[in-house]
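Q: the following comprises the amino acid sequence and a computationally predicted model.
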Amino acid sequence: MSYVLGIDLGTSAVKVMLVGKDGTVHDEASKPLTLIQPQSGYSEQNPEEWYSQTVEAVKEIITRAPARSQDIEGLSFSGQMHGLVLLDENNDVLRPAILWNDTRTSKQCEHIHRIIGKEHLRELTGNEALEGFTLPKLLWVKEHEPDIFVETSYFLLPKDYVRLRITGKLHSEYSDAAGTIMLNKEKNEWSEEILHRLGIPAAICPPLVHSHAFVGEIQPSFAQATGLNEQTGAFAGGADNACGAIGSGVLSAGKSLCSIGTSGVLLSYQGEGKREVSGPLHLFHHGKAGAYYTMGVTLSAGQSLHWFKEQFAPDVDFETLLSNMSAKPGASGLLFTPYLSGERTPHSDAMIRGSFIGLDARHTRGHLTRAVIEGITFSLNETLQLLRDAGQEVDEIISIGGGPKVMLGYRFRRISSEPTFLHWKMNRVQVWEQRC
Ligand SMILES: Nc1ncnc2c1ncn2[C@@H]1O[C@H](COP(=O)(O)OP(=O)(O)O)[C@@H](O)[C@H]1O
Ligand SMILES: O=C(CO)[C@@H](O)[C@H](O)COP(=O)(O)O
């Protein structure tokens, strides 16, 4: 029997899965990650923790069945997108990574639009400048931490940093590079024009490979730390949403994905044909070579429920919190807006914040819980509407991530037997909307 390891660098945790050649999942491990929020709108993580927790998760799997390590032929990655990791000439990290849900860069986005032009930027990259993307983060460091900027030898995206630590090889790949808004989408290379006009040295951009590229074998230090065989091969991998789309079979028109992790994502397949989106919708390279997807992102989807549970129900687990939710759809008029970190789609606004609206003395914790779930759901529905208004076919949605375990599992009929992998038809979503 031969196996592969999948390493998913999420925002709340790194998850590792051992999969057989036939696709059977044989084992999995998850290790939590710390979110650093020094100011409102700031969101950072320590790349060293990404690596050390990856080691711990892989070690846990190998420790449970050491003999299997000889049969693990390769490993690959999916990862949270857009985060900025800066490295010095020794590949040492220069500052904490600035994440996808950090919204400190509104001024830098305006600057990008002024210098490049919104429409021209869209022609070059498929996207407008939004706070979460990598380019405005680089410009923020250039302006606010010039000493760090001049010391930078390379920038990397989160999972590419973990791969560097595991293999000693430094690369980026197309599905994640697209999320930097520095990739020329037609030429599939770093955009000289964007880099030059914004004063970003081209030399700090990592070499690009395809998601399926073999990049090398794991380093002896990683093999020793985890119990893996030194001959284990490493492959580039992709952006979490690009990989999620492949894993969910979102590989043809009409198929869409809803991922509820820390963020909430609705994405829809776009083949090689028409490649234009507008406003806060994004257009990125799919993990399938030559294809694209259109996407909108609620910044605090799972994060809103997680925040609510931590603050108001720290003594119970998610299942208990939700099974005790007696409030009826509509939460007796109570509304929640899930904008804990600002918002990206459809209201691209770094300053907007969350709220409970319409609280009255009848409301219980059950009403608040339901209002949170409904706020997240309706925010995702706004993106769904944007996708449809943009002409995307959305006939079927596959849902993945931690959120669907509870937010949808208790509402929608389960078709797959996997608890984290639900599959439902759009008419069910509409029934849910009507009931609300
Ligand atoms: N039983 C559960 N345990 C943990 N998280 C859960 C559970 N049920 C739902 N969640 C939600 O899943 C989210 C984490 O999903 P996950 O896909 O692991 O996120 P990420 O990829 O950002 O690390 C949490 O923020 C929480 O809202
Ligand atoms: O910013 C985006 C996509 O544009 C996010 O979807 C991140 O990729 C984080 O994913 P999760 O940690 O929520 O899975």
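A: Ah, there it is. Ligands and ions are numbered 1, 2, ... in the order given.

Q: enumerate the residues of the stretch 301-436 of the chain near ligand 2.
A: For the stretch 301-436 of the chain, no residue is in contact with ligand 2 (Cβ under 6 Å from any ligand atom). (Glycine included, C-beta is placed from N, CA and C.)

Q: can you name the residue of the stretch 301-436 of the chain nearest ligand 2?
A: Closest approach between the stretch 301-436 of the chain and ligand 2, counting by Cβ to the nearest ligand atom: residue 401, at 6.0 Å.

Q: who's in contact with the most centrally placed residue in the chain?
A: In the chain, the centroid-proximal residue (Cα atoms, centre = their mean) is residue 80; its distance is 3.7 Å. For residue 80, the contacting residues are 9-11, 99-100, 158-159, 240, 262, by Cβ atoms under 8 Å, 6 or more residues apart in numbering.

Q: got a list of contacts for the helix or strand encompassing residue 4?
A: Element membership for residue 4, per DSSP states H and E: strand 3-9. Residues outside strand 3-9 that contact it (Cβ under 8 Å, 6+ apart) are 14-21, 26, 50, 54, 57-58, 61, 68, 71-80, 158-159, 162, 232, 237, 240, 243.

Q: so what's residue 297 up against?
A: 132, 263-265, 282, 344-345, 383.

Q: contact partners of the helix or strand following the strand holding residue 4?
A: On the C-terminal side of strand 3-9, the closest following helix or strand by DSSP H and E is strand 13-20. Residues outside strand 13-20 that contact it (Cβ under 8 Å, 6+ apart): 1-8, 25-33, 50, 53-54, 57-58, 60-61, 68, 72.

Q: shaky segments in the chain?
A: For the chain, applying pLDDT under 70 flags the ranges 273-275, 406-436.

Q: can you give me the domain assignment for this structure?
A: Residue ranges for the domains of the chain, per the TED database: 3-241, 249-435.

Q: can you list the contacts of residue 297 in JSON lines and add secondary structure and neighbour count?
A: What follows is the contacts of residue 297, written out as JSON lines (DSSP: H, G, I helix; E, B strand; the rest coil; neighbours: other Cβ atoms under 10 Å):
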{"residue": "132", "secondary structure": "coil", "neighbour count": "29"}
{"residue": "263", "secondary structure": "coil", "neighbour count": "26"}
{"residue": "264", "secondary structure": "strand", "neighbour count": "27"}
{"residue": "265", "secondary structure": "strand", "neighbour count": "26"}
{"residue": "282", "secondary structure": "strand", "neighbour count": "28"}
{"residue": "344", "secondary structure": "coil", "neighbour count": "26"}
{"residue": "345", "secondary structure": "coil", "neighbour count": "24"}
{"residue": "383", "secondary structure": "helix", "neighbour count": "24"}
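
Q: from those, pick the one nearest residue 357.
A: residue 264 (19.5 Å; Cβ to Cβ).

Q: who are the contact partners of that closest one?
A: So residue 264 contacts 258, 297-298, 301-302, 338, 376, 379-380, 403 (Cβ under 8 Å, 6+ apart).

Q: ditto for residue 176
A: 79, 81, 157, 159-160, 238-239, 242.

Q: out of these, flag the one nearest to residue 319.
A: Within the contacts of residue 176, proximity to residue 319 (Cβ to Cβ) peaks at residue 79, which comes in at 27.8 Å.

Q: quickly list what the closest one is bridged to.
A: Taking DSSP bridges as the rule, residue 79 bridges to residue 9, residue 239.

Q: flag every buried residue along stretch 108-121.
A: By 16 or more other Cβ atoms under 10 Å, the buried positions in stretch 108-121 come out as 108-109, 111-112, 116, 121.

Q: one step back: check the contacts of residue 264 and tell me the two furthest apart.
A: Farthest pair in the contacts of residue 264, by Cβ to Cβ: 258 and 338, 14.6 Å.

Q: that older thread, out of the contacts of strand 3-9, who's near ligand 1?
A: Okay, of the contacts of strand 3-9, nothing touches ligand 1 (Cβ under 6 Å from any ligand atom).

Q: put the buried members of these into a PyMOL selection.
A: Here is the PyMOL selection string for the buried members of the contacts of strand 3-9, based on 16+ other Cβ under 10 Å:
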select buried, resi 14+15+16+17+18+19+50+54+57+58+61+68+72+74+75+76+77+78+79+80+158+159+162+232+237+240+243
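
Q: list the contacts of residue 164.
A: 91, 156, 170-171.

Q: again, only this time at 10 Å
A: 47, 51, 85, 87, 91, 154, 156, 170-171, 206, 215, 219 (Cβ atoms under 10 Å, 6 or more residues apart in numbering).

Q: same question, residue 253
A: Per Cβ under 10 Å, 6+ apart, neighbours of residue 253: 268-271, 273, 392-395.

Q: buried residues, stretch 120-129. List them.
A: 121-122, 124-129.

Q: how far away is residue 5 from residue 341?
A: Separation of residue 5 from residue 341 (Cβ to Cβ, to the nearest Å): 31 Å.

Q: so the two - more neighbours on which side?
A: Comparing residue 5 with residue 341 by other Cβ atoms under 10 Å, the one with more neighbours is residue 341, at 29 against 24.
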